[in-house]
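[1] From the sequence below, what's the structure:
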Amino acid sequence: MRLLELCVEISCNNHNLLDEESHIGSRIVLPEYSLYIEDKKTFPLSQDEQIFALCWVIQDNKLWGTIKPSAVSFSYMTTFNEGSRTQMHTHDYLELAYIVSGTFHQRILGKDIVFRQGDLCLVDMNCLHQDCLDPNPACIIFIGIAGEMFNSIMPSQVADERIISFLQTALLKQKKLWQYLHFKPTEDSNKKMEGYFYDLLKELIHHDMASTHICRGLLMRIFKLLGSGYDISLSSEMKKKMNWLLYEEIISYINIHFRDVSIKQLSEHFHFHEDYFNRMLKSKTGMTYTQYVQNLRLREAERLLLHTDLTIDEVAAKVGYQNKGYFYKIFVERNNITPAKYRKEILK
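    Now for the predicted structure:
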């Protein structure tokens with residue numbers, strides 16, 4: 001395993017070994033000191049940096065760790081007792097953890113979760129969690145991603161609908177719903193993922209003026225693979241909640257912009273394929289996207305006919321129809337009466 005060997009090399013075999021009294025230790029692993037205090041971990045590099053890797057190697061009740069990039073190459077080692085935990089903490093950046101080998105336990109939002117070799121976990125900013133330290137051999141890479149870089153990756157449509165749905169509703173919008181994602185590999189996806197993480201870690205070790213751009217590209221590949229070669233571990237109840245929240249957000253957007261909204265605009269705004277909106281609306285409302293928007297426009301046209309002095313042409317244009325003939329056609333299909341007669345009959 002090339003990645004595991006690289007992690008051991010930079011974490012355990014570095015001649016610049018820092019002792020347990022080093023202040024850097026709090027960046028690597030902060031032992032639990034209180035059941036009630038929450039530690040806030042800030043991005044450990046300068047503002048010019050947007051990504052870093054924290055590497056852990058665990059064996060025989062010892063934890064070796066290092067951070068890349070780093071101005072000075074170093075390793076940090078600490079001993080721990082079985083059952084030890086890190087201090088409950090949050091980050092001001094997003095964290096993507098990859099289990100290189102062994103198993104890894106975390107307590108996230110009060111729930112104990114076991115991650116196995118090949119699994120990944122994406123944790124949102126400000127998500128309360130802690131790491132559980134077990135004596136069994138394990139290797140974990142934590143990738144810290146600044147919000148600016150993460151936001152630049154997501155609109156590129158590198159992820160599929162499942163990940164985008166989560167990011168839209170859970171990570172970026174609905175903070176109280178769900179704040180992490182557990183990914184499990186399918187088929188041979190882990191071999192390719194390990195290669196991406198190897199390249200990413202090597203680039204962070206090398207670290208030059210091009211590294212930010214190269215790392216961004218590698219992250220795009222990682223998220224693309226997460227969408228195609230991994231399953232997201234969510235309960236059916238959570239999936240329903242997330243789908244409903246996303247539906248409400250899309251419907252709200254359409255209701256505000258119905259006069260000039262297009263399915264292409266929806267795709268660009270929400271980063272879904274265009275056919276997703278037809279499937280989603282059909283399942284929730286029984287109408288296609290076109291039928292739903294047409295219904296909104298005609299309802300508004302009826303309101304304008306009854307409560308304003310606008311001409312028929314002005315009403316048609318106001319609700320989004322520049323073709324007067326088409327507006328007449330669909331209005332009559334809906335009401336069995338022309339717009340002029342509708343105004344006259346209803347106001348009679």
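
[2] Buried residues, the helix or strand hosting Gly227. List them.
    Following DSSP states H and E, one finds Gly227 within helix 211-229. Across helix 211-229, burial judged by 16 or more other CB atoms under 10 Å covers 211-212, 214-216, 218-227, 229. Any C-beta I mention is one placed from the backbone N, CA and C, and that applies to glycine too.

[3] where exactly do the strands run in this protein?
    17-18, 39-41, 51-59, 62-68, 75-79, 89-91, 94-101, 103-108, 111-116, 120-123, 129-132, 138-145, 180-185, 230-232 (DSSP state E).

[4] who are the neighbours of the fourth one, in terms of helices and strands?
    Of the remaining helices and strands, those touching strand 62-68 by 3 or more CB pairs under 8 Å, 6 or more residues apart in numbering; DSSP states H and E are helix 2-12, helix 25-28, strand 51-59, strand 75-79, helix 189-206.

[5] can those go into JSON lines with extra columns for mean pLDDT and distance to Ala138?
    What follows is those, written out as JSON lines (pLDDT from 0 to 100; distance: least, CB to CB, whole Å):
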{"stretch": "helix 2-12", "mean pLDDT": "94", "distance to Ala138": "10"}
{"stretch": "helix 25-28", "mean pLDDT": "78", "distance to Ala138": "15"}
{"stretch": "strand 51-59", "mean pLDDT": "95", "distance to Ala138": "5"}
{"stretch": "strand 75-79", "mean pLDDT": "90", "distance to Ala138": "15"}
{"stretch": "helix 189-206", "mean pLDDT": "95", "distance to Ala138": "15"}
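
[6] Can you get me a residue count around the nearest residue to Asp313 once chain neighbours are set aside?
    The spatially closest residue to Asp313, leaving aside those adjacent along the chain, is Lys324, at 5.7 Å (CB to CB, 6 or more residues apart in numbering). Per other CB atoms under 10 Å, the neighbour tally for Lys324 reads 14.

[7] And stretch 30-48, end to end?
    End-to-end distance for stretch 30-48, by CA to CA, to the nearest Å: 25 Å.

[8] Now find how far off-centre it is within its chain.
    Chain-centre distance of stretch 30-48: 22 Å, with CA atoms, centre = their mean, to the nearest Å.

[9] Now do the contacts for the residue nearest to Asp313.
    Counting by CB atoms under 8 Å, 6 or more residues apart in numbering, Lys324 touches 312-313, 316.
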